[in-house]
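Enquirer: Sequence first, then the predicted structure, then my questions.
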Amino acid sequence: MRFLSYYSPKAPWKIVYMLQQVEYNSTKFISWATKFPDLSLVQKRGKLQLTKRAQLMLVLVNATVIFGLFITAFLILWLGNLWITLGILIIPFGCVLVLGISNYLVQVILVNPKQNHEINIAKAKLEKFSAQKIAVLGSYGKTTMKELLYTVLSEGKKVAKTPGNKNVIISHARWVNRSLTGDEDVLVFEYGEAGPGDIGKLANFSKPDIAVITGITLAHMDAYPNLDAIATDFANISNVVIPENTYINNQKILTEKIQGKPFDSHGLGEWKVSDVSISIEGTDFTLTSGRESLVLHTGLLGLHNIGPITAVVVVAKKLGLDNNQIIAGVAKTMPFEHRMQPRQLGGAWIIDDSYNGNIEGMRAGLELLKSLPAKRKIYVTPGLVDQGTESEEIHVSLGGLIARAQPNKTVLMENSVTAYIKDGLKQANYKGKVTTETNPLEFYTNIEHFLASGDVLLMQNDWPDNYK
């Protein structure tokens, strides 16, 4: 079936789809293709976005197929040897090679010069702005922190933020060129890191005044061999932002590498947390400094959100917001799409944390699941991608975290790490029921059939098509 999938009429579309999934990175695309994946299992979670680049790639792939068939037919007629028909077998592999090379040439000849021009224009434009610029970086929680800052600071300032998950320089440049007017008070930039040097490049582009580092965990293991390498990259923010304006998740590896002000669920500096209450409807706590006290409510779920909100409060006070504005801003913060987002379904609660992609976020979600009252608790996950040589250890530990949260049922999406999670569950003597699903789309489409009134279901992470 795997071999025959390369001769399906849909094969060109699926090959171009995977090129798009790896963000037109020829190296990653060729790496994926050399594993000879079964194309019948590809494109189950999304569809090809027909951008101009995708259309060009489709034309090239289909032209390669037609050219290959033409050459094969010509040689058969010319030489009269039917064995040449076997040449058809190599056409799909020629498509992959042509696509990888063509994509690389398009990137070097057309895309890079155009993007560099856009970046230079945006950088010059930013240098003329008077707005306070805030950089948000970390292995996880970046989008949540960006949205928190935007929501709270908007109570007293004109704030603009980078859109969606657009966290690379070209996305930032296009946002600056197309959306900003120059009269903003605050600009919030979300920084992405795909490899060493990225944070330094982003900081050199936007020149932030304030930085918030949300946390560190193993990610992008194809580029960063270990946590120390990631922390070293994050530390490049110190070349631009002074320690007084740097706020850091209180993790030892970060505080050893970067000078700044640590925050966690206990508070930040002189600001101390007390009177914490967590439910499916949100989180309440009191933040106190000396005689000053703020009673806060957020729609965000879980103890792990208190540290980031505390950092936002301190930044807001630094930028001149008063307590009433801060309290009102925090009260407006709500779960973001697919990030610990609760919704009701037939008397049951579903907590959608499918954008989670790291072990620390999964730990936080499982702690929340354990603390919530429910008739039955269900946990759903495929595991984590991009964990490199640490994958087995991390997924065994994930099994242990699930066991400690004690859900009544655990549903695992079948893939290359499922056995490791099961090992972790077994080692931790998990007492609940474990099931394995081979068709994630069908499961999520019919999820209401798995739930009853009073249930709480937590689903964490997704498994992209370019991973086994």
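Expert: That came through fine. Residues are numbered from 1 along each chain as shown.
Enquirer: Outside of stretch 296-305 itself, list whatever touches it.
Expert: Under the contact criterion Cβ atoms under 8 Å, 6 or more residues apart in numbering, stretch 296-305 has outside partners 144, 265, 276, 278, 280-287, 309, 313, 327, 330-331, 333-335, 340, 342, 351, 364-365, 367-368. Using the backbone N, CA and C atoms, a C-beta is placed for each residue, glycine as well.
Enquirer: try 7 Å
Expert: 265, 276, 278, 282-285, 287, 309, 327, 330-331, 333-335, 340, 342, 364, 367-368 (Cβ atoms under 7 Å, 6 or more residues apart in numbering).
Enquirer: In the protein, where is pLDDT below threshold?
Expert: Scanning the chain with the threshold set as pLDDT under 70 gives 1-3, 43-46, 76-77, 79-88, 219-222, 463-468.
Enquirer: tell me, which helix in it spans the most residues?
Expert: Identified as the longest helix of the chain according to DSSP state H is helix 52-79.
Enquirer: Which neighbouring elements make contact with it?
Expert: helix 11-21, helix 91-106 (3 or more Cβ pairs under 7 Å, 6 or more residues apart in numbering; DSSP states H and E).
Enquirer: Tell me the first helix or strand C-terminal of the shortest one.
Expert: Same thing as helix 11-21. Using DSSP states H and E, the helix or strand that follows helix 11-21 in sequence is helix 26-33.
Enquirer: what's the angle between that following helix and helix 11-21?
Expert: Taking axes from the mean of the first three to the mean of the last three Cα atoms, to 10 degrees, one finds helix 26-33 and helix 11-21 inclined to each other by 130 degrees.
Enquirer: Domain map for this protein?
Expert: 4-115, 129-269+302-331, 341-460 (automatic domain parsing).
Enquirer: How far does the shortest one stretch from one end to the other?
Expert: End-to-end distance for domain 4-115: 39 Å, by Cα to Cα, to the nearest Å.
Enquirer: Buried residues in stretch 241-255, which are they?
Expert: 241, 245, 246, 247, 248, 249, 250, 251, 254, 255 (16 or more other Cβ atoms under 10 Å).
Enquirer: contacts for it?
Expert: 135, 138, 208-216, 227, 231, 234, 237-238, 258-264, 307, 311, 314-315.
Enquirer: among the residues you listed, which are in strands?
Expert: Cross-referencing these against strands under DSSP state E gives 135, 210, 211, 212, 213, 261, 262, 263, 264.
Enquirer: would you list those in TSV and tack on neighbour count?
Expert: Formatted as TSV, the ones in strands among the contacts of stretch 241-255 follow (neighbours: other Cβ atoms under 10 Å):
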residue	neighbour count
135	26
210	21
211	27
212	32
213	33
261	18
262	21
263	27
264	19
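Enquirer: ok, those vs residue 106, which is closest?
Expert: residue 135 (31.0 Å; Cβ to Cβ).
Enquirer: any idea how far the closest one lies from residue 335?
Expert: 24 Å (Cβ to Cβ, to the nearest Å).
Enquirer: Residue 399 now?
Expert: From residue 399 to residue 335 the distance is 26 Å (Cβ to Cβ).
Enquirer: could you pull out the helices for the stretch 151-300 of the chain?
Expert: 169-179, 198-206, 227-234, 252-257 (DSSP state H, counting those that start in this stretch).
Enquirer: Distance to residue 89 added to these, as a markdown table?
Expert: Formatted as a markdown table, those follow (distance: least, Cβ to Cβ, whole Å):
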| stretch | distance to residue 89 |
| --- | --- |
| helix 169-179 | 39 |
| helix 198-206 | 41 |
| helix 227-234 | 42 |
| helix 252-257 | 51 |
